[in-house]
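Undergrad: sequence and computational prediction follow.
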2 protein chains.
Amino acid sequence: MLNIGIDIGGTKISGALFSGNKELGREKISIEIKTRDYVMESIAAIVEKLSNGRKISSIGIGIPGSCKNGKIIICPNLKCMNETEIKKIMEKRFRTKVFVDKDANCFAFGEAALRKSKNLLGITIGTGLGGGIIIDGKIYHGLGSSGEIGHLTMVTEGKKCHCGSSGCMEQYVSGSAIEDGSERIYGERIKPDALANLARRGDAKAQQIFEQFGKNLGICLADLNYVLNPEIIVLGGGVSNCSDIFMAHAMDEMRKRSFIEIPKILTSSNDGCYGAALLAAGKGEK
Amino acid sequence: MLNIGIDIGGTKISGALFSGNKELGREKISIEIKTRDYVMESIAAIVEKLSNGRKISSIGIGIPGSCKNGKIIICPNLKCMNETEIKKIMEKRFRTKVFVDKDANCFAFGEAALRKSKNLLGITIGTGLGGGIIIDGKIYHGLGSSGEIGHLTMVTEGKKCHCGSSGCMEQYVSGSAIEDGSERIYGERIKPDALANLARRGDAKAQQIFEQFGKNLGICLADLNYVLNPEIIVLGGGVSNCSDIFMAHAMDEMRKRSFIEIPKILTSSNDGCYGAALLAAGKGEK
């Protein structure tokens, strides 16, 4: 049985083909035009390439926003997808079962399966900051928008956020936040990966940006641990690949602010594809 | 079948006798001396008075801190109770089953039962700020210390907190925070109840203190909704009795900071006694 998992990010779409937990292939497309058509056709292209004519049992799609009954409600970082009946459209197009959930929920569900944990918080640090909560082995949705951790208030009268509020955690703990830091210090926006390379080569200013980022992440981790105190916290998303530069600062700050047990904190290079495929294959429930 | 629920606060101990969900009697003792002996004898005195010689099936105790297997780990606002084997001691003393959990967990569990909800966040605003999380009709504990919402960071380099960190939410959203405000403005510490009466009579300074408190509470509510997005949030604890003065400010601030669905937000004059009794009677699990 073949299942496909798709992870829609703010800037790219990834897809992977699975047989059970074995990844058989992977495809990626940059989102060059932020229109609904472009995104939908890119997803379709990935599915076509991965399936290559073979029968697909189900498709799981992780979206960077909230959804209800397979309909996207709102994607703050990819607004063209707001109000898209993505499940309906894709089921019709591919004549197979389609499952849709938030990208961070898919990521967390996949990590919980891989790490055999029933109680895990997944945090994705990419363009934005997202969270997925696993309780009793299932995604915890609440009213539908649980885990929107990017929008906790970190600084009461802080940086303006694209959500309309100000001082949101995403403005301090995300790839964009790191790029903002680089712009302030170097006068140009430098991607986290490139900035991490500068830091690794001893550039003090780059190290400073990651130190501040690490401290902010430490506060974020301490906060979420105080609310959820989960068994495991896994950090994913592109920025997690630079954890060698900032993780020690994050853990220092978290410990300074915590009087309760600190869970296992891990980083992962997985995206949401595996979890999305697993959910689509019926291993979770929405 | 008679069950007793006890709620230990930072300054007083309350107890109530229940037959099913019917409250048959209630007792209260101020904690005049903060020693373990004083607290334990006060609990015993309340149990003796309430039972009045009748057979008690079980006793539930809500403590203002964290516990594991019936042993108190840490009570930040009542440190004399740290490391107390309260379940063991009380079971031996009263020869009946004793159940122990955090006060806010007991409160939340009782409210969930009363409001027939399986997904609820209980927030207790008294001397400190606590939280209890109900998911799928059960208390969600995580590793044991979930819902310690008083210690999320609200201001990165903020007011020193008794927990050792600084800028904790409890320093801005609690009865103590209101008293701090009164001290700054009036030069003396005024209890929230008394200050609320001043505000109701039109005292602008008192109203201002509650406006600031309400705004802080609004941030707290928005934050917790972003993480948990529960079906219902119930505010309890002594300060909730003044909600007529601050709730509109809290809701304004919460709405300003929220782009996801806002749950039903209610206030309750219950303490943790009913939930503690219910849990002791075997209606929950630890």
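TA: Yes, it's here.

Undergrad: okay, and the beta partners of the residue nearest to the spatial centre of chain A?
TA: With distances taken as Cα atoms, centre = their mean, the residue of chain A nearest its centroid is A:T124 (3.5 Å). A:T124 has the following beta-bridge partners by DSSP bridges: A:G130, A:G236.

Undergrad: look up how far chain B lies from it.
TA: A:T124 sits 15 Å away from chain B, taking Cβ to the nearest Cβ, to the nearest Å as the criterion. For the C-beta atoms, the positions are set from N, CA and C on the backbone; glycine is no exception.

Undergrad: ok, that residue to A:G110 distance?
TA: Noted for A:T124: a distance of 11 Å to A:G110, by Cβ to Cβ, to the nearest Å.

Undergrad: surely A:K71 and A:E85 touch.
TA: Yes - the pair formed by A:K71 and A:E85 meets the contact definition of Cβ atoms under 8 Å, at 5.1 Å.

Undergrad: in the helix or strand A:Q208 falls within, which residues are buried?
TA: In this assignment (DSSP states H and E), A:Q208 forms part of helix A:204-228. Within helix A:204-228, the residues scored as buried using 16 or more other Cβ atoms under 10 Å in any protein chain shown are A:206-207, A:209-228.

Undergrad: and the residues you listed near chain B, which?
TA: Counting by Cβ under 8 Å from any Cβ of the partner chain, A:219, A:222-224, A:226-228 from those sit close to chain B.

Undergrad: could I get the residues you listed as a markdown table with pLDDT?
TA: Listed next are these as a markdown table, based on pLDDT from 0 to 100:
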| residue | pLDDT |
| --- | --- |
| A:I219 | 98 |
| A:A222 | 98 |
| A:D223 | 98 |
| A:L224 | 98 |
| A:Y226 | 98 |
| A:V227 | 98 |
| A:L228 | 98 |
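
Undergrad: mind giving me JSON lines with those and columns for distance to A:G175?
TA: Below are those laid out as JSON lines (distance: Cβ to Cβ, whole Å):
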{"residue": "A:I219", "distance to A:G175": "18"}
{"residue": "A:A222", "distance to A:G175": "21"}
{"residue": "A:D223", "distance to A:G175": "20"}
{"residue": "A:L224", "distance to A:G175": "19"}
{"residue": "A:Y226", "distance to A:G175": "25"}
{"residue": "A:V227", "distance to A:G175": "24"}
{"residue": "A:L228", "distance to A:G175": "24"}
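
Undergrad: I'd like to know which of those is nearest to A:S176.
TA: Of all those, the one with the least separation from A:S176 (Cβ to Cβ) is A:I219, at 17.4 Å.

Undergrad: that closest one touches A:E253, doesn't it?
TA: Yes - counting by Cβ under 8 Å, A:I219 touches A:E253, with 6.1 Å between them.

Undergrad: which strands or helices does the helix or strand bottoming out on mean pLDDT in chain A pack on?
TA: Using mean pLDDT, DSSP states H and E, the weakest-scoring helix or strand in chain A turns out to be strand A:66-68, at a mean of 89. If you count contacts as 3 or more Cβ pairs under 8 Å, 6 or more residues apart in numbering or on different chains; DSSP states H and E, strand A:66-68 packs onto strand A:71-74, strand A:97-102.

Undergrad: and the contacts of that strand?
TA: With Cβ atoms under 8 Å, 6 or more residues apart in numbering or on different chains as the contact definition, strand A:66-68 has outside contacts at A:72-74, A:86, A:100-102, A:144-145, A:148, B:260.

Undergrad: just the buried members of these?
TA: Buried members of the contacts of strand A:66-68, counted by 16+ other Cβ under 10 Å: A:72-74, A:86, A:100-102, A:145, A:148, B:260.

Undergrad: which residues of the stretch 151-286 of chain A lie near chain B?
TA: Residues of the stretch 151-286 of chain A lying near chain B (Cβ under 8 Å from any Cβ): A:151-156, A:163-165, A:219, A:222-224, A:226-231, A:256-261, A:263.

Undergrad: where along the stretch 1-150 of chain A do the helices fall?
TA: Taking DSSP state H, counting those that start in this stretch as the criterion, the stretch 1-150 of chain A carries its helices at A:36-51, A:86-94, A:103-114.

Undergrad: can you tell which of those helices is closest to chain B?
TA: Closest to chain B of the helices of the stretch 1-150 of chain A, according to Cβ to the nearest Cβ: helix A:103-114, at 12.1 Å.

Undergrad: hang on, the earlier thing: list just the nearest of the buried ones among the contacts of strand A:66-68 to B:I56.
TA: Distances from B:I56 to the buried ones among the contacts of strand A:66-68, taken as Cβ to Cβ, are shortest for A:S145 (43.4 Å).

Undergrad: chain B versus that closest one, what's the distance?
TA: Distance, A:S145 to chain B, using Cβ to the nearest Cβ: 4 Å.

Undergrad: correct me, but that residue touches B:I260?
TA: Yes - A:S145 lies in contact with B:I260 (Cβ under 8 Å); the separation is 3.7 Å.

Undergrad: who touches both of these two?
TA: A:66, B:226, B:229.

Undergrad: would a markdown table of the residues you listed with distance to B:I29 be doable?
TA: Shown next, in a markdown table, are the shared contacts of A:S145 and B:I260 (distance: Cβ to Cβ, whole Å):
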| residue | distance to B:I29 |
| --- | --- |
| A:S66 | 48 |
| B:Y226 | 39 |
| B:N229 | 39 |
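
Undergrad: so where is the stretch 51-200 of chain A shaky, pLDDT-wise?
TA: Regions of the stretch 51-200 of chain A meeting the criterion pLDDT under 70 are absent.

Undergrad: now do 90
TA: Counting by pLDDT under 90, the stretch 51-200 of chain A shows low-confidence ranges at A:65-66, A:68, A:74-77, A:127, A:162-163.

Undergrad: tell me the contacts of the nearest residue to A:G137 once chain neighbours are set aside?
TA: Of all residues not flanking A:G137 in the chain, A:K118 sits nearest, at 4.2 Å (Cβ to Cβ, 6 or more residues apart in numbering or on different chains). The contact partners of A:K118, taken as Cβ under 8 Å, 6+ apart, are A:112, A:134-137, A:231.

Undergrad: go again with 7 Å.
TA: Residues near A:K118 by Cβ atoms under 7 Å, 6 or more residues apart in numbering or on different chains: A:112, A:134, A:136-137.

Undergrad: show me which residues of the stretch 1-150 of chain A are close to chain B?
TA: A:66, A:119, A:135-136, A:140, A:142-149 (Cβ under 7 Å from any Cβ of the partner chain).

Undergrad: among those residues, which lie within strands?
TA: Mapping those onto strands (DSSP state E) picks out A:66, A:135.

Undergrad: is there a quick ChimeraX command that grabs whichever of the residues of the stretch 1-150 of chain A next to chain B are buried?
TA: Listed next is the ChimeraX selection for buried residues among the residues of the stretch 1-150 of chain A next to chain B, using 16+ other Cβ under 10 Å:
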select /A:66,119,135,140,142,143,145,146,147,148,149
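
Undergrad: any idea how far the helix or strand harbouring A:V234 is from the chain center?
TA: Element membership for A:V234 (DSSP H and E) is strand A:232-236. Distance of strand A:232-236 from its chain centroid, counting by Cα atoms, centre = their mean, to the nearest Å, is 11 Å.

Undergrad: which secondary structure elements does that strand sit against?
TA: Applying 3 or more Cβ pairs under 7 Å, 6 or more residues apart in numbering or on different chains; DSSP states H and E, we find strand A:232-236 packed against strand A:120-125, strand A:264-267.

Undergrad: tell me which residues form a beta bridge with the nearest residue to A:E91 once chain neighbours are set aside?
TA: Nearest residue to A:E91, sequence neighbours excluded (Cβ to Cβ, 6+ apart): A:V98, at 4.7 Å. Beta-bridge pairing of A:V98, defined through DSSP bridges, involves A:I59.

Undergrad: contacting residues around A:V98?
TA: A:59, A:61, A:87, A:90-91.

Undergrad: and the buried ones among those residues, selectable in PyMOL?
TA: Restricted to buried positions by 16+ other Cβ under 10 Å, the PyMOL selection for the contacts of A:V98 reads:
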select buried, chain A and resi 59+61+87+90+91
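
Undergrad: good, we can wrap up now.
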